[in-house]
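Participant: From the sequence below, what's the structure:
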Amino acid sequence: MHATLPPVSFDPDHGIAVLRTPNSLYALRLAADGSPRHLSWGPPVDTSTLAEVPDAVSPAASSFESDAAADELAPQTGARFGPAGLQVRFADGTRGAQWRFAGHRVDGGELRLLLDDRHRPLRAALCYRVRSDTDVIERWTELTHTGPADAPPDPITVDRLDSASWTAPSLPDYRLSHLVGGWNSEFRLQRDRLPVAETVLTSRRGLTGHHASPWLALDDGTAAEDRGEVWSTALAWSGSWRVTVHRDPGGRTTWTGGFGHEGLQWTLRPGETLRTPVYAGLYTAHGFGAASRAWHQYVRAHVLPEPERDRPVLYNSWEATGFEVDEAGQIRLARLASRVGAELFVLDDGWFGTRRDDRSGLGDWTPRPEAFPRGLRPLVDEVHGLGMEFGLWVEPEMVNRDSALYRAHPEWVLHSPRLDATELRNQLVLNFARPEVEAWAAETLDRLVRENDVDWLKWDANRAFTEAGWDGHPDPDRLWIDHTRAVHRVMDGLRAAHPGLRIEACAGGGGRVDLGVLARTDQAWTSDNTDPVDRIGIQHGFGQLFPAQAMAAWVTDSPNTATGRRTPLRFRFHVAMAGALGLGGDLTSWSEEELAETAELVAVYKEIRPLVQRGLQYRVAEGPVTAVHYAAPDDSEHALLTWRPTTRFGHPAAPVRLPALDPGARYRDLDSDRVHSGAALVRHGIDPRLPAGDHAGSLIRLRRVGS
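Facilitator: Numbering: from 1, shown residues only. As a prediction, the model looks like this:
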């Protein structure tokens, strides 16, 4: 943060608010109608000049064009014809708010702009927060029905309430980076020229979604990993969401985003406030790599609950046993997992109720008697006795019809009784927005953790919302918000009641990964697809926003269960070492040689784990050979992971340049004992030492030895 300037300032004479971060400045100005309009977002500038910046003017000004000055959160009124981030409807049918400025509040790094509707009992607070250690700006909106609670009901219908709208500066062109995919193919980075149109990124599934992510980046089409201006935003929400990017024909580019999706509406009653999730944004002048590192630092410092704790090397039983779990089999796997260096043993699906397949048992969170006749305690004691922590798979939001819970409470599911219910994976969704369901989940999970000394929960969610109704509720669409908030509260409550407990977010793989869920979990299950070739691309997209310590990455069997591809064990390890390493194969079928190699590679990972999980990440090569460089913040230690899925005759792997190193220093290769000059590694690169053939990987470790 600038030493002599406050993080937030407001000039009442000119109606200009300024927010400062260590390397950027964000400014807005009140328009004549009282609404806040965007002024600047980019590198620091002399704030005395901001008052001289003229109002935006449309190059095609006419009575058919939108107001050229972009709103901080656009209502539906006035000459605004782009996407409105706030859409409200009053009891008499009137749509849209008309603001008058009602004041501001500055509290350290936080700014609140208060807007009152000129004619109706409605107030909006546009909220901003900056911190001294990050360029990320957090924004959210609070909408309040200001009518007296004892007055006759006069509800306000809210059709859209976004957290924030963002505006890019005028650029020669625009390019949109975002993440696309599906189950088993999440986080695929897509970069396209932004069309002159409205582009909608969304999830209508009740979850963050495999198919899109509420993260995006904009640039002028020329930015690269190490250069160019980038504007990037991410929504901290784990349910349905929507972001609308609008590049208009007049040259203005804005985007607005928040929770919910089209077709939903919420009722705001007198005295009630609806608060949105945080929509965070950052600017950098140094390319996509710098943007990612800024996000990673922000997530570690202000999102993840315990970033200083090492993510353990875990073993998960699913691919070894599927639903065929029992005490003896799990103990055998636990002993093998301990032998190769695992620090956490996770018992996956199949341990509870009548669960022998995916048709029954969900909702009945007690050990299956024929599989665990003495309960879970003998397995837990064995795991702890082997020096590992004990983890358990749960899917608290779901229920099978064939379960004691559903038979007792069929009304607890998300369902419109006048519609046929869609079952996906033979299960229905419990309505966590109902207080009694939230209370049941909190009590059930608390007891499960307490009675079994559970150290780790893998919280899964294996289907999307369908026919999401709430029969008899006066505001039924609230379930789309309140379900997600209840899930967050249950997670928060478990962590508060059990301080050592850690939680892994999962939704059929990467179906619920966002800044909201990571604020109460330690890592996310990235994808059910553990094929290392596919994982290189999946992990590349994941790392655009999220740090490596939040990315669960497993070594599993060959051939891979998802793709059937055969790959060497060492290649599988080198890919998985790029995140929070885990093991997920059937260790009982691995040879003695494979088990010995696994133990060796797990030990190596533990040596580089501080670098991978808390270091600075640089994507230093893309294409036939991909490489990621992890650097200690003090430049003392470095690790380079390199992968080549396929090889071409006559095309040896080129040296990998390491621009994060100090050109004036020298570095020792810990495996070859050779000392390199930093200048040579920065300018000419290092031989990645990839073995011959396809599916080749390598790890190179460097230590600074002086200048």
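
Participant: From here on, just use CA atoms for contacts and neighbour counts.
Facilitator: Noted.

Participant: ends of stretch 671-687, how far apart?
Facilitator: 13 Å (C-alpha to C-alpha, to the nearest Å).

Participant: What residues sit buried inside it?
Facilitator: Using 16 or more other C-alpha atoms under 10 Å as the test for burial, stretch 671-687 gives 676-682, 685-686.

Participant: I'd like the residues you listed written out as a markdown table, with secondary structure added.
Facilitator: Putting the buried residues of stretch 671-687 into a markdown table (DSSP: H, G, I helix; E, B strand; the rest coil) gives the following:
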| residue | secondary structure |
| --- | --- |
| 676 | strand |
| 677 | strand |
| 678 | helix |
| 679 | helix |
| 680 | helix |
| 681 | helix |
| 682 | helix |
| 685 | coil |
| 686 | strand |
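
Participant: Low-confidence stretches in the stretch 401-550 of the chain?
Facilitator: Applying pLDDT under 70 to the stretch 401-550 of the chain flags no residue at all.

Participant: Would you map the strands across the stretch 251-400 of the chain?
Facilitator: 253-259, 266-268, 273-275, 279-284, 314-316, 344-347, 389-394, 398-399 (DSSP state E, counting those that start in this stretch).

Participant: what does the stretch 101-250 of the chain give?
Facilitator: Ranges of strands in the stretch 101-250 of the chain, per DSSP E, counting those that start in this stretch, are 110-117, 122-129, 137-145, 156-161, 164-168, 175-180, 188-193, 198-203, 212-219, 230-235, 241-247.

Participant: rewinding a little: with mean pLDDT added, can I get the strands of the stretch 251-400 of the chain in JSON lines?
Facilitator: As requested, those are exported to JSON lines (pLDDT from 0 to 100):
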{"stretch": "strand 253-259", "mean pLDDT": "98"}
{"stretch": "strand 266-268", "mean pLDDT": "96"}
{"stretch": "strand 273-275", "mean pLDDT": "98"}
{"stretch": "strand 279-284", "mean pLDDT": "98"}
{"stretch": "strand 314-316", "mean pLDDT": "98"}
{"stretch": "strand 344-347", "mean pLDDT": "98"}
{"stretch": "strand 389-394", "mean pLDDT": "98"}
{"stretch": "strand 398-399", "mean pLDDT": "98"}
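
Participant: nearest to residue 330, of those strands?
Facilitator: Proximity to residue 330, assessed across the strands of the stretch 251-400 of the chain by C-alpha to C-alpha, is greatest for strand 344-347 (7.6 Å).

Participant: Name the surrounding residues that touch the closest one.
Facilitator: Under the criterion C-alpha atoms under 8 Å, 6 or more residues apart in numbering, residues 312-318, 330, 334, 337, 383, 388-393, 456 lie in contact with strand 344-347.

Participant: same question, stretch 681-693
Facilitator: Taking C-alpha under 8 Å, 6+ apart as the rule, stretch 681-693 contacts 642-644, 646-647, 653-663, 696-700.

Participant: In TSV: the strands of the stretch 101-250 of the chain, plus distance to residue 32 and mean pLDDT.
Facilitator: Below are the strands of the stretch 101-250 of the chain laid out as TSV (distance: least, C-alpha to C-alpha, whole Å; pLDDT from 0 to 100):
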stretch	distance to residue 32	mean pLDDT
strand 110-117	13	98
strand 122-129	18	98
strand 137-145	21	98
strand 156-161	23	98
strand 164-168	19	98
strand 175-180	32	98
strand 188-193	35	98
strand 198-203	27	98
strand 212-219	30	98
strand 230-235	28	98
strand 241-247	24	98
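
Participant: Quick one: closest of these to residue 419.
Facilitator: strand 198-203 (22.2 Å).

Participant: got the angle for the closest one vs strand 212-219?
Facilitator: Following axes from the mean of the first three to the mean of the last three C-alpha atoms, to 10 degrees, one obtains 140 degrees for the angle between strand 198-203 and strand 212-219.

Participant: This completes my enquiry, with thanks.
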